[in-house]
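*Asks:* need a structure here:
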Amino acid sequence: MTPGGGIFRPARDGALVPVAAVRNAGRGLALAGAAVLLLAACAPEQPPPQAMAEDGGDWHAALPGHAPGRFGFGTPATEDRVALWDIDIKPDGEGLPPGSGTVAEGRVVYEAQCLQCHGPTGTEGPNDRLVSSGPWEQWPAGRTVGGYWPYATTLYDYTRKAMPQTTPGILSDDDVYAVVAYVLHLSGLVPADGVMDAASLAAVEMPYRDRFVPDDRTGGPEIR
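*Replies:* Down below sits the predicted model:
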């Protein structure tokens, strides 16, 4: 008995615990155990999934919720659906779509979709620098368009798939031709009246094309 009138018993750490609380906790555990036993008695008896699989049964049915063997997600990969994703462009220009874009049109696209990440002239950032400031004869020119892309066609491929960074895929084919023309113009590789299409883009000679070599590794530890 304590001055407050309750009956207490010492706990392991020396503190005092009300006897009533101990009794109530015991009753709660007893009720929980009884509920588990009741549910176990009501549940249908099933062999373990491994045993069902060995007997040829559907072990999926033994899982909680009776999950089916197949969920039926997705749709068949038809030729038309595959074609929607088959948009890779090769260095020689194979795969470039119809369409065209001018440097002037590209400036409009660039200022609306690219300027905030690459700066007004492609040099300010905060994201990757697009335009080199020094002469091309100085090596290396950094990871800019002129110094990092051996083929202008692959610049189109990357831009169409990955840019703008937060909303990739929103540019039309003509928009991509135009903005690529503008970026190449900022790099001094296309004149101000330049027009990019499948033929003219494939004909652009990137400054460091000869600095890149084919990857002809054959596997294993040997690298040729």
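
*Asks:* look up how far Gln116 lies from Pro126.
*Replies:* 9 Å (C-beta to C-beta, to the nearest Å). C-beta coordinates here come from the backbone N, C-alpha and C atoms, glycine included.

*Asks:* who's more crowded, the two?
*Replies:* More neighbours surround Gln116 than the other of Pro126 and Gln116, with 13 against 8 (other C-beta atoms under 10 Å).

*Asks:* OK, contacts around the more buried one?
*Replies:* Residues counted as contacts of Gln116 (C-beta atoms under 8 Å, 6 or more residues apart in numbering): none.

*Asks:* which strand or helix spans it?
*Replies:* Element membership for Gln116, per DSSP states H and E: helix 115-118.

*Asks:* okay, buried residues for that helix please.
*Replies:* 117-118 (16 or more other C-beta atoms under 10 Å).

*Asks:* for that helix, list the C-alpha coordinates in CSV.
*Replies:* Extracted in CSV, the C-alpha atoms of helix 115-118 (Å, rounded to 0.1, in the frame of the first residue of the first chain):
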residue,chain,number,x,y,z
LEU,A,115,17.8,27.6,-71.5
GLN,A,116,16.8,27.1,-67.8
CYS,A,117,19.2,24.1,-67.5
HIS,A,118,22.0,25.0,-69.9
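
*Asks:* what segments of the protein are strands?
*Replies:* For the chain, the strands defined by DSSP state E occupy 8-10, 16-18, 100-102, 195-197.

*Asks:* sheet partners, orientation included, of the third one?
*Replies:* The partner list of strand 100-102 in its sheet, established with DSSP bridges, is strand 195-197 (antiparallel).

*Asks:* OK, contacts around the closest residue to Asn127 other than its chain neighbours?
*Replies:* Nearest non-adjacent residue to Asn127, counting by C-beta to C-beta, 6 or more residues apart in numbering: Cys117, 4.1 Å away. Applying C-beta under 8 Å, 6+ apart to Cys117 gives the contacts 125-127, 164-165.

*Asks:* give me that answer again for 7 Å
*Replies:* Contacts for Cys117 (C-beta atoms under 7 Å, 6 or more residues apart in numbering) come out as 126-127, 165.

*Asks:* one more: Ala178?
*Replies:* Ala178 touches 101-102, 105-106, 109, counting by C-beta under 7 Å, 6+ apart.

*Asks:* okay, now the domains of this protein?
*Replies:* 8-62, 87-211 (automatic domain parsing).

*Asks:* least confident of those domains, on average?
*Replies:* Among the domains of the chain, domain 8-62 carries the lowest mean pLDDT, a mean of 49.

*Asks:* residue boundaries of the helices in the chain?
*Replies:* With DSSP state H as the criterion, the chain has helices at 19-42, 49-54, 79-85, 103-113, 115-118, 145-148, 152-162, 173-186, 198-202.

*Asks:* OK, contacts around the nearest residue in space to Tyr151 that is not next to it in sequence?
*Replies:* In this structure, Tyr151 finds its nearest non-sequential neighbour in Pro91, 4.2 Å apart by C-beta to C-beta, 6+ apart. Contacts for Pro91 were tallied using C-beta under 7 Å, 6+ apart; they are 151, 153-154.

*Asks:* pretty sure Arg160 contacts Val176?
*Replies:* Yes - taking C-beta atoms under 7 Å as the definition, Arg160 is a contact partner of Val176 at 4.8 Å.
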